[in-house]
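1. sequence and predicted structure are below.
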Amino acid sequence: MKHNTLIDFLINPKVVCHWEEITWQQLLQHAYTTNLTARVYCFLEENKLFQHVPKHLKWHFSSANKVFVAHKKDVLIEAENITHALTMAKISPVFLKGAAYLLSKDPCCKGRLFSDVDIFVNKAELAATEQVLRWQGWVGEELDNHDEKYYRDWMHEIPPMRNTKTNMTIDIHHNLLPLVSRIKLDSEQLSSGVIECNGYKLLSLPDRILHSSAHLLLDGEFKHGFRDLHDIYLLIATGIKENKSFLSILLARSQELKITLILYYCLNLLIQIFKMNIDEDVLQQCQREISTPKSISKFILKLYITVLSPCEILEKNTKYKSALFLLFVRSHWLKMPIHILIPHLLYKALVTPYLERQKQKQLAE
Amino acid sequence: MIKDYAFSEFQKKLATTGSSFRVGRFVVNLRSNITSVAKGVYQLYGESDTLNQPCDFSIQLKSSSGIRRIIKPQVHFLFNGIEPFSSLPLSQAFPLFEWGANWCVTNHFHECLVIHAAVVEKDGFALILPGQPGSGKSTLCAALVEMGGWRLLSDELTMVNLNGNEILPNPRPISLKNQSIDIAKTFSNKEHFTPVVNDTLKGSVAHLKAPLQSVLDFDKSALPGAIVYPKYMRGVGTSLQKISKGTSFIKLAEHSFNYSVLGEQGFQTLSHLHDQVECYEYCYDGSLPDAIKLMGSLLPS
């Protein structure tokens, strides 16, 4: 059977004491595949295990950490830039995902790299947010009418904007899941759980977990899936450490937000992939709440496990590709009602390539 | 050694289990079912040992499957299962290996300041040749190595250790573009060139095998000798002008791949480096013998 060396390591870093070179090689490959090389470095350092790394592979981990340290600095400055830019409109954004982990000093910010900063503002503040950012040096991409409508009326975020001074991009969310999605996340309710941490607004810990889980399982893209799942693992572990009944709180919150199905899949993935200890009670309560037949949920769970396994990502065989395809289709199915989905797919398949060609022709002339 | 295998045997190995060999100072494990890749590797890395140690970079070059196999076939570059850039026409498979291997280094190796510059060594001193595309740095580098008796450290990536006092070799094939291919062929063994690939993003490209001794000395670093910014200009004659260290500092920071990753360390490295060397701007009209003579005179004696 294929062996997920990285998973063994993340569950218990001390396993490296008995490793041979070939196992380190596997770890390095899996770390690159999942973009977790810097996190591996942090875990090794924390557990004083770095001396076990074979001499000629050491640099991979320490170099990855250098990137992380530089990245962290950049993101903290950018968070300040954004906050500062928006104060003039008296808007205080809620930071999401990677930036939020960093600002709240969650354990999963260790060695975490991300490509952009995500913020949330109320839809009422969206126009002002964009305007103020434009005044202060951020630029957005020009989009055709279809894409504008797609982003603004159907999805949960507007097209990314780029800070021309720092070159970092910002994703502005005006909702927390696609507006037309079959599974909805009530932003009003999520806003009620916003906390302040080190001077920044963030979602509360249970909400950070649920929001990240929803994106991981519904976006239909798993490029950083394994890393995101490991983030969630670390977040839940922190919650449990701080409060023994954390899982019950998480469950109650998922019920309030009506996304228990998400929590159900997520907890099962953590059990199966990271062998996490989850109260049987909580699991059974989740199970009772969801209407999906057990045979289907089991099948979907299997698909998730396939696309999230570092071994499978490395190999990209037919099993992996079909699982990815099925989850992609499912995510679109969940994301958009059929009367929006079909025209959207047709537009993307037929009109967008035509417009692209026109654009290229114009450029060539 | 790769050449110990018969070509067909090596090709089969590359397609099935993959092969690990040294590429510059790093160990690459390459898997590929593409003939032009096997040929290129066999030709340029023939003397490299096939290694059994853990590799730095696992690379796979795959030709497209399904219908794309027939219509405009493409080559995909995979780094540990991840495709960092979009596919290219299949004819560019071998250049893609070379470019991809450089990408692996510049994106992951931060134990040195990595500068986009050619670098050669003589008498223990390194001559650093940063230059924009078209500045003639690769041609000059090939001439110095093939005719001038210099050792090739790298034609593309200059690695300065973080104390700023050592240049680490990364001896790789020299990448030549457009007219420079024919020029280099006039003074190098023609059998050391890969077939020219036309219509790439960089125009026509070919790779020239790195001299064997340079490859074997991949672990022998050099002291900083001089920094010369070459600029190829036809019909103006040659001129060499000293430039200020401050000007050079800023130029090199711009030419560095990981100056911002290294932050303060990057700054310190560049400033220590500049403490030890003089910097010049060098306009040359393509007369390579003159250039070789002049470059030799710039090193500390």
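-> Ah, there it is.

2. do a quick rundown of the strands in the stretch 101-250 of chain A.
-> Taking DSSP state E, counting those that start in this stretch, the strands of the stretch 101-250 of chain A run over residues A:116-120, A:138-140, A:161-163, A:169-173, A:194-197, A:200-203.

3. contact partners of the last one?
-> Applying CB atoms under 8 Å, 6 or more residues apart in numbering or on different chains, the contact partners of strand A:200-203 are A:79, A:83, A:92-96, A:100, A:103-104, A:190, A:193-196, A:208, A:211. Glycine gets a C-beta too; all of them are placed from N, C-alpha and C.

4. show me what counts as buried in that strand.
-> A:Tyr200, A:Lys201, A:Leu202, A:Leu203 (16 or more other CB atoms under 10 Å in any protein chain shown).

5. adjacent strands (with direction) for it?
-> For strand A:200-203, the pairing partners within the sheet under DSSP bridges are strand A:94-96 (parallel), strand A:194-197 (antiparallel).

6. which of these is buried the deepest?
-> Counting by mean count of other CB atoms under 10 Å in any protein chain shown, strand A:94-96 has the highest mean neighbour count of the strands paired with strand A:200-203, with a mean of 23.

7. averaged pLDDT, it. What do you get?
-> Taken as a whole, strand A:94-96 has a mean pLDDT of 92.

8. kindly report the same for stretch B:218-230.
-> Taken as a whole, stretch B:218-230 has an average pLDDT of 95.

9. buried sites along it?
-> Judged by neighbour count (16+ other CB under 10 Å), stretch B:218-230 contains these buried residues: B:Phe218, B:Ser221, B:Ala222, B:Leu223, B:Pro224, B:Gly225, B:Ala226, B:Ile227, B:Val228, B:Tyr229, B:Pro230.

10. when you scan that stretch, is anything in it near chain A?
-> No: taking CB under 8 Å from any CB of the partner chain as the criterion, stretch B:218-230 and chain A are apart, separated by no less than 11.4 Å.

11. okay, that stretch in PDB with CA atoms only?
-> The C-alpha coordinates for stretch B:218-230 follow below in PDB (Å, rounded to 0.1, in the frame of the first residue of the first chain):
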ATOM      1  CA  PHE B 218      30.600  21.600  -9.100                       C
ATOM      2  CA  ASP B 219      31.600  21.700  -5.400                       C
ATOM      3  CA  LYS B 220      34.700  24.000  -5.700                       C
ATOM      4  CA  SER B 221      33.600  27.600  -5.000                       C
ATOM      5  CA  ALA B 222      35.400  30.700  -6.100                       C
ATOM      6  CA  LEU B 223      36.200  34.100  -4.600                       C
ATOM      7  CA  PRO B 224      34.400  37.200  -6.000                       C
ATOM      8  CA  GLY B 225      36.700  38.700  -8.700                       C
ATOM      9  CA  ALA B 226      34.800  41.400 -10.700                       C
ATOM     10  CA  ILE B 227      31.400  42.300 -11.800                       C
ATOM     11  CA  VAL B 228      31.000  43.200 -15.500                       C
ATOM     12  CA  TYR B 229      27.800  44.300 -17.100                       C
ATOM     13  CA  PRO B 230      28.200  43.400 -20.800                       C
END
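
12. what does stretch A:26-46 rub up against?
-> Stretch A:26-46 has contacts (CB under 8 Å, 6+ apart) with A:3-6, A:9-10, A:13, A:16, A:19, A:49-50, A:52-53, A:57, A:60-62, A:64-65, A:67-68, A:110-113, A:224, A:226-227, A:230, A:310-311, A:313-314, B:54, B:58, B:79-82.

13. after the lowest-mean-pLDDT helix or strand in chain A, which helix or strand is next?
-> Across the helices and strands of chain A, mean pLDDT, DSSP states H and E gives its lowest value to helix A:338-346, namely a mean of 69. Using DSSP states H and E, the helix or strand that follows helix A:338-346 towards the C-terminus is helix A:352-364.
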